[in-house]
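> turn this into a structure:
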Amino acid sequence: MQIRTFDITGLILMTPEVFMDERGYFFESFQKERYRELGIPVDDFVQENISKSKKGVLRGIHFQRDPFAQGKLVQVLRGHVLDVVVDIRFGSPTYGQHVAVELSEENHQQLWVPTGFAHGFLALEDDTLFSYKVTALYSKISEGGIRFDDPDLGIVWPFKYPIVLEKDRQLFSFAQYSGNPTFRYEKT
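Modelled structure (predicted):
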């Protein structure tokens, strides 16, 4: 397995060794001890989610506040996404910075997103299946989000007009989040 880290500490991109033959391919998508050695809290995984998205669907940029903050191990099972994480750890030297990576069925890569990050992705193909294991259960009162198109974040999305839920269009800007770490997902 190949490992890539980033200037934003905590994020890990993993590329498994894929064995291909005339039948198709095989790879380990999860190996507890290997992931534990990377610092991923594998014993904390409590749920796995799968979403299916049409091309152009943008989901995010979301997070869960303590005590339900979630670490996520994400990967694409079918299709292709631009996956984006934003450092929202107050006091972090990379606070407000983001990383964007392309995850696909072809590259089989996984991204470990620890707690303290907001996360979102844009489906680049129809019928994209996105999988994520999480380290805490979802809590409605703990959910938060930041506008995907906030110019302060500087995220370059490949589609000018992605398909976004109206409630995600109503999210606060990063500057508003920075001034209020306990803010709610939706404006009240």
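
> Provide the strand pairings for the helix or strand that residue 119 is a member of, with the direction of each partner.
In the assignment (DSSP states H and E), residue 119 maps to strand 117-123. The pairing partners recorded for strand 117-123 under DSSP bridges are strand 58-64 (antiparallel), strand 80-87 (antiparallel).

> okay, buried residues for the worst-scoring helix or strand of the chain on mean pLDDT please.
Every helix and strand in the chain was compared by mean pLDDT, DSSP states H and E; the lowest is helix 174-178, with a mean of 87. The neighbour-count check on helix 174-178 (16 or more other Cβ atoms under 10 Å) flags 174, 177-178 as buried. Glycine gets a C-beta too; all of them are placed from N, C-alpha and C.

> low-confidence ranges in this structure?
Along the chain, segments meeting pLDDT under 70 span 179-188.

> give me the buried positions along stretch 43-51.
Going by neighbour count (16+ other Cβ under 10 Å), the buried part of stretch 43-51 is residue 45.

> can you tell me the distance between the two ends of that stretch?
End-to-end span of stretch 43-51 (Cα to Cα, to the nearest Å): 23 Å.

> quick one: distance of it to the chain centre.
In this view, stretch 43-51 has its centroid 13 Å away from the chain centroid, taken as Cα atoms, centre = their mean, to the nearest Å.

> gap between the least confident helix or strand of the chain and the chain center?
19 Å.

> phi and psi next, for residue 53.
Note on residue 53: its backbone torsions stand at phi -130, psi 150 [degrees, to the nearest 10].
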